[in-house]
Structures are given as C-alpha cells and as structure tokens.
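**Q** Please find the sequence and the predicted model below.
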Amino acid sequence: MASFVDQVTLHLIGGHGGNGCVSVKREKFKPLAGPDGGSGGDGGDIVLVSDVQTTTLLNYHRSPHRRSEHGQPGQGDHKSGTSGAEMVLLVPVGTVVKDVEGNELIDMSEHDMRFVVAAGGQGGLGNAALATTKRKAPGFALLGTPGFEGDVLLELKVVADVAFVGYPSAGKSSLVAAMSAAKPKIADYPFTTLHPNLGVVESGETRYTVADVPGLIEGASEGKGLGLEFLRHVERCSALLHVLDCGTLDPGRDPISDLDIILGELAAYPVPEGQTPLLERPQFIALNKTDVPEGKELAELVRPILEERGYRVFDVSAVSRAGLRELSFVLAELVEADRIVKATEVAKPRIIIRPRAVNEKEFTVKVEGGSFGNVYRVIGTKPERWVAQTDFTNDEAVGFLADRLAKLGVEDELFKSGAVPGSTVMIGAGGGVVFDWEPTVSSAAELIASPRGTDTRLEEGRRLTSKTRRAAYLERMDAKTAARAELELEGAGGVWNDDEGFEVEMSRTERARREAELAETEGAEFAEAESADRD
Ligand SMILES: Nc1nc2c(ncn2[C@@H]2O[C@H](COP(=O)(O)OP(=O)(O)OP(=O)(O)O)[C@@H](O)[C@H]2O)c(=O)[nH]1
Ligand SMILES: [Mg+2]
C-alpha cells in the first residue's frame, strides 16, 4: 500500500558563486589599458514557497537531492558572469521546516510564504572591481564562495479551517472538489485519498480552507486502514465536518453507525498538549449523496436522530451540488467567528530576526591549546567568507586577504590574545585554513616601497604638485585654441573647473586622471575598498 508521506529530509546544495576574472584590457597602442576582469555571478538560492495547490511532499520523498545552479565566472572586458537561477521548491501550506537538530526554522502556515533554505554562494569580484587608485592593476580576483550545503527536514501539518472526515468513499474529496477549485482524485474505491487535499472556498467575503483526510474505518486508531497518522493535519482545524454516506449499498453500514465509529476513532486521537481535543471542536454533519433517491430517503430518516443529538445537519450532494451553498455559508460564519476569537488571543511569540548591532564584533579569537603550542582560531562570518574567496596560489590574493583581516582588526586581536609571529592561526570553526602568522606590520616597509597590486608599467600619470599643475595650466591657456581643436579631434568632452575655478575643457583621459586624483584626495579610495568587501 502506498504510504503516506508527510516527513522528508531534503539534501540541499546551493549553487556556488562564480569566480572573479583576472584580465587586463589590451588595445592597439595600449597593451596594458587597465584591469577589466568581470565579477562572477552569484549562485542560485534554493527557496521554499508554500502553495495551496501543492498538497504533498511526495515529490521530495522520491527525489530528496536538490541543487541550484552555479553562478558563472566573470570574463574579460568587464563581462560579469550570469547568476545561477533560483530553484523554487513548492511545498504545501502547513509545512514546518526544521534543521538537522530538529530546531524549527520556519512554519510555512500561509500561502505564498518564501523561505531561502539554501542560500547560493556569493560571486567573486573580478580584478576590475578590486582596482582602486592605489591598487591600479590587481593581479588577482576573488573566488566565488560555496553555497549552503546540508540537510533540512520538512514536516507537513496541513492547516485548514475545516476538516472533512468520514468513511472511505463517503464523498469527502468530491465535496472538496465541488466547493473549491481543488481537483483531488475521486474514485469509487476505498482509500482513494492518500494525503489530505486542500481547497480554498470563497463564500461571500470570507475565504477559508477545507481539507479532506483519508477515509477512516473502525480500528483506525489502532492502525487499520491508513491509520490515524494523518489526523495530525486536523490538529490545526477549527471545525470538523462529518461526511456521511447516505448512498451506500453496503448492508452493514448506515450513517448513524458510521458516525459513531468515526467519533470513537477521533476520541482516541491524542492531540498535543495545549490544543482542544478533536471532539470538543465545532462539528457539523453533511448527509451526502442525496441526489440518488435512496440517499434522499435515508437522509430524511436519520436527520431527526442526528438533530436530536445536537448536530447541525445539511443534506448535500457533491454531484448535483444541492445544499452546498448553504453549507459553505454556515462554515464561513463559523470560521469568521473563530478568527475573531483567535485574533484576540495572545499571539504566540514569533521568531524575529534582528539585524546585527552595528558595533557588534564581527569575529572572535579563541585560543586553543595543542601539543604544538597554542592555536589561535578566528571565528566570524566575514573572515571565514574572505578565506573562501581567496585563491591561495596567488600571492597577491593572499596579501589582499591579510590586508582585509588587518583592517577588520584581526591582527590587533591576535596580538591581544598573545599570538606572536609564527603562531598557528586558523580561520573557520571546522578544519578551516591554517596559517603561520606573519603580522603585516613587518611587511609595512614593503608596502610603502611598492603598494600591493601596482604595476609600474601602468604608472604613467604621476601625481603633480600644485606648482607644476599651475604651470601646466598656464601653458594650456596659451595653447587653448590649439588644444580645443585637438580635443575635438579626440572626440573628447567635459568641462572641468581648475584650481582657480576657471572652466577648462579637456580630453577624456585627462579628465579621468583628474577625477581619479580628486577621488583620492577625498578619500574615495576608502569607500571603494569598502565596496569591494561587499557586505
Ligand atoms: N451519486 C453521488 N455519488 C457521489 C457523491 N459524492 C461522491 N460520490 C461518489 O462516491 C465515490 C467516492 O467519492 P470520493 O470523493 O472519492 O470519496 P472519499 O470520501 O474522498 O473517499 P476516500 O478518499 O477513499 O476516503 C466516487 O465514485 C464519487 O463519484 C454524491 O453526492 N452523489
Ligand atoms: Mg478522498
């Protein structure tokens, strides 16, 4: 027998970010015209989306391994890699997502909720994006980081306002189909329904959901038939509708004894603590199949008995749709009233993801004793991500990592924790990356002599003193007419205010040079470096 699947472990791998590209632009008369390596695209996320049309986790049971697309690497000529496509996994409304330790990550209790279960990796910056006025020609790019890799647990607890319960073939699915747009499987053999079908009913102003659960038989609470397992889906329903079959030809059955058996089984279902037992919730009765003459007769016979017991009884037919309108209005009223009550109840504390405080430390250094001396472990998302972005075969990239770590204050913190040059430093909580620590301070001299990422071949534009600039300016004023002709020839444009506030037209290259110079003096380089960190 097909088993009912309402729990599945997904094995997820988010797409990796594409690597950044190292490339230098080459033109006919400018073989080294600056870095132009594009950035890698981000890896695609894996996103869970709750959807009323989806009723089961069966698909994931069959193929629990899912991976989203990788980001493409960047290319020369400033071409960024395309980002990996997001992978959307539709899950039924009522799916609870848990991590491997069983902690609830999210309860997807409403339609169209989105939850990124496996974030894709970040694309690495290309060398063009890493260039600053100081580091004009970076000979390295950042690597894309890997996407999330791990397992999550999906557990289905259908959330419906009204649950339809009853014997197999009583017409529960037929009623859901007749009252909503849902298209559950309907057939005249028992246990057609193996998982709950959800339908959305619109009645006047009210929208509510109904769910039918697999048929119940005597002994269901002991595991007969499909058992009572799936009644966990009824746990969150505000009301029950007993669907009684008045058209059955089975001599051993009649609506009253059917109802009694179902009530007995429902009473045996243990609801979790804090919830109303199933039989203490509002219950209605639908006498179904009244379109057939015998059904109508039988319904008329049993109606007074049921009403005497205090039930509200509806004669309906899923086939002729008789009585469905009235039924849906009454259910709507009840759902409305229940919603008002629930809204006034104290809301359950919701999980709030607070943004990290600005001054919160971005990493910690832990000192771990070892047989080869102390190990200084740096733990923090930023340093760990930076390590993942580093191409350790490239000295410049390693240097860039060192600069970034120093800027974040990792070096200071290592000093404070007692690390000395040569100490073993690990970055990352797990195995991580192991270094023999060489503080960058000692390499400061090297930095002054030749900043990382410079290429003397690109160093045409030396920085001018204001004196030489003024001289050059006066010279230009003299040769202004000639210069203008020349500029137009170059297809140049742009007006620039010089030191004295005069408007000077200049070529694009000159303009770019001046802009770069200005940016540098205004500390824009700092901002650029910041943006290179991309947080
Ligand atoms: N004449 C008549 N037949 C109906 C009516 N409602 C359902 N049926 C028939 O009864 C059979 C069973 O219907 P389902 O809707 O699959 O019954 P169910 O209660 O969902 O059954 P399980 O999923 O097996 O528990 C089908 O052949 C339907 O066509 C009705 O109002 N009138
Ligand atoms: Mg059914």
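**A** Now that the structure is in, tell me what you want to look at. Ligands and ions are numbered 1, 2, ... in the order given.

**Q** Mark out where each domain of this protein begins and ends.
**A** With domains defined by automatic domain parsing, the chain comprises 7-156, 162-344, 364-458, 466-533.

**Q** Can you tell me which of these is most buried?
**A** Of those, the one with the most neighbours on average (mean count of other CB atoms under 10 Å) is domain 7-156, at a mean of 20. Glycine gets a C-beta too; all of them are placed from N, C-alpha and C.

**Q** What's the end-to-end length of that one?
**A** In domain 7-156, first residue to last residue: 6 Å (CA to CA, to the nearest Å).

**Q** average pLDDT across that domain?
**A** Averaged over domain 7-156, pLDDT sits at 89.

**Q** Ignoring the adjacent residues along the chain, who's closest to residue 34?
**A** In this structure, residue 34 finds its nearest non-sequential neighbour in residue 25, 5.4 Å apart by CB to CB, 6 or more residues apart in numbering.

**Q** In contact with that neighbour, which residues are there?
**A** Residue 25 makes contacts with 32-36, 76-77, as judged by CB atoms under 8 Å, 6 or more residues apart in numbering.

**Q** and it, backbone torsions?
**A** Per-residue torsions, residue 25: phi -70, psi 140 (degrees, to the nearest 10).

**Q** Tell me the spacing between it and residue 41.
**A** 21 Å (CB to CB, to the nearest Å).

**Q** Widest-spaced pair of the contacts of residue 25?
**A** Pairwise distances across the contacts of residue 25 (CB to CB) peak at 14.7 Å, for the pair 32 and 77.

**Q** low-scoring stretches of the chain, by residue?
**A** The chain contains residues with pLDDT under 70 at 1-5, 158-159, 343, 345-360, 370-372, 430-432, 440-465, 476, 479-535.

**Q** for ligand 2, what are the nearby residues on it?
**A** Applying CB under 5 Å from the ion, one finds that the chain approaches ligand 2 through 173, 192-193.

**Q** In JSON lines, list the residues you listed along with secondary structure and distance to residue 234.
**A** What follows is the residues of the chain next to ligand 2, written out as JSON lines (DSSP: H, G, I helix; E, B strand; the rest coil; distance: CB to CB, whole Å):
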{"residue": "173", "secondary structure": "helix", "distance to residue 234": "15"}
{"residue": "192", "secondary structure": "coil", "distance to residue 234": "18"}
{"residue": "193", "secondary structure": "coil", "distance to residue 234": "14"}
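
**Q** and the closest residue to residue 331 other than its chain neighbours, what are its phi and psi?
**A** Among residues not flanking residue 331 along the chain, residue 162 sits closest, at 5.4 Å (CB to CB, 6+ apart). Backbone dihedrals for residue 162, given as degrees, to the nearest 10, come out at phi -130, psi 130.

**Q** again with residue 374
**A** phi -70, psi 150.

**Q** Now do the contacts for it.
**A** Listed by CB under 8 Å, 6+ apart, the contact set of residue 374 reads 367-368, 418-419, 423-424.

**Q** Out of the residues you listed, which sit inside strands?
**A** If you go by DSSP state E, these have 367-368, 424 in strands.

**Q** and which of the residues you listed is nearest ligand 1?
**A** Of all these, ligand 1 sits closest to residue 368, with 59.5 Å by CB to the nearest ligand atom.

**Q** Skipping its backbone neighbours, what lies nearest the closest one in space?
**A** Nearest residue to residue 368, sequence neighbours excluded (CB to CB, 6+ apart): residue 375, at 4.6 Å.

**Q** what ranges do the helices span in this protein?
**A** All helices of the chain, identified by DSSP state H, fall at 58-62, 127-130, 172-179, 255-267, 293-308, 324-344, 381-388, 395-408, 410-416, 444-449, 466-478, 480-489, 508-521, 524-533.

**Q** closest to ligand 1 out of the ones you listed?
**A** Nearest of the helices of the chain to ligand 1, taken as CB to the nearest ligand atom: helix 172-179 at 3.2 Å.

**Q** So the closest one, near ligand 1 or not?
**A** Yes - Helix 172-179 lies within reach of ligand 1 by CB under 6 Å from any ligand atom, at 172-174.

**Q** what about dumping the CA coordinates of that helix to PDB?
**A** Output of helix 172-179 as PDB, limited to C-alpha atoms (Å, rounded to 0.1, in the frame of the first residue of the first chain):
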ATOM      1  CA  LYS A 172     -15.100  13.800   1.100                       C
ATOM      2  CA  SER A 173     -12.900  14.600  -1.800                       C
ATOM      3  CA  SER A 174     -15.900  15.100  -4.100                       C
ATOM      4  CA  LEU A 175     -17.200  17.700  -1.700                       C
ATOM      5  CA  VAL A 176     -13.800  19.500  -1.500                       C
ATOM      6  CA  ALA A 177     -13.800  19.500  -5.300                       C
ATOM      7  CA  ALA A 178     -17.400  20.800  -5.600                       C
ATOM      8  CA  MET A 179     -16.900  23.600  -3.100                       C
END
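
**Q** Measure how far that helix is from the centre of its chain, please.
**A** 34 Å (CA atoms, centre = their mean, to the nearest Å).

**Q** Contact residues of the protein facing ligand 1?
**A** Going by CB under 6 Å from any ligand atom, the residues of the chain near ligand 1 are 166, 168-174, 186-188, 190-193, 212, 214-215, 247, 288-289, 291-292, 317-319.
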